[in-house]
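Engineer: sharing a model prediction with you, sequence too.
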Amino acid sequence: MTNQTLTLDDRLYRYLLDHSVKEATVLRALRQETAQHPMAQMQIAPEQGQLMALLVQLLGAKKTLDVGVFTGYSALVVALALPPDGQVVACDVSAEYTAIAQRYWQQAGVAHKIGLNLAPAADTLAQLIAAGQTNSFDFAFIDADKSSYPTYYEQALRLVRPGGLIAIDNVLWSGRVADPATQDNRTNAIRAFNAALYQDDRIVLSLVPIADGLTLALKK
């Protein structure tokens, strides 16, 4: 037996999906359509979405943030896990990508739970802070431009309540963060971000090796 996280080959990954993921039909349809998209690599993995839904339910969340919508899977999986009066504040700059998202939100019957803000996410989050919504969100998911992760994180930390959770995607960056030979700007930005969160005593931290790496930061 090993005490290290398993490296999943294709056969073991399929086993994981077959014995864990119970994906709603509408989520599967959205994921399959997105797989044909030129930017399909931006889609979160189904097991990651299911974990996020579980965390939202454990938190008893009603008010959440989705920073980086793309085709809407993360907002949809969270909205489906929220109670009838739950709310997702969704941030993205692409009308093209989010048009796909809105079609599936409508199909799933949760469009009324999701408020889409087509503007730079930092601006939307700043407006929420200015409107007095600090410490009022239960959960935030960040999956947008990597160079802005520190900004989104600091804003989300203000908006999430004590005991609330921030989840940040792509923190293992296909393993490039651990390769000293890789020195491009985005990889270095994620390295610096990961190092800063490791030293942040405002949170309880866990970097989970699911999909492309998911950091969970519980606000103290």
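Structural biologist: That came in fine, so what should we check first? Residues are numbered from 1 along each chain as shown.

Engineer: what's the closest non-adjacent residue to Trp105?
Structural biologist: Nearest residue to Trp105, sequence neighbours excluded (Cβ to Cβ, 6 or more residues apart in numbering): Ala111, at 4.2 Å. Bear in mind the C-beta positions are built from the backbone N, C-alpha and C, glycine included.

Engineer: helices of the protein, start to end?
Structural biologist: Remark: helices assigned in the chain by DSSP state H are 10-18, 25-34, 46-59, 73-81, 95-108, 121-130, 149-159, 185-198.

Engineer: residues in contact with the one residue sitting closest to the centre of the chain?
Structural biologist: Taking Cα atoms, centre = their mean as the criterion, Phe141 is the residue nearest the geometric centre of the chain, at 3.6 Å. By Cβ atoms under 8 Å, 6 or more residues apart in numbering, the contact set of Phe141 is Met52, Thr64, Leu65, Asp66, Val67, Gly68, Ser74, Val78, Ile166, Ala167, Ile168, Asp169.

Engineer: just among those residues, which is most surrounded?
Structural biologist: Among those, Asp66 has the most neighbours (other Cβ atoms under 10 Å), with 31 neighbours.

Engineer: just grab the bridge partners of that one for me.
Structural biologist: Note on Asp66: beta-bridge partners by DSSP bridges are Ala90, Phe141.

Engineer: okay, it: pLDDT?
Structural biologist: Asp66 is assigned 98 on the pLDDT scale.

Engineer: got the contact list for it?
Structural biologist: The contact partners of Asp66, by Cβ under 8 Å, 6+ apart, come to Ser74, Ala75, Val78, Val88, Val89, Ala90, Cys91, Ile114, Ala140, Phe141.

Engineer: do Lys62 as well
Structural biologist: Applying Cβ under 8 Å, 6+ apart, the residues near Lys62 are Leu82, Pro83, Asp85, Gly86, Gln87, Asp138.
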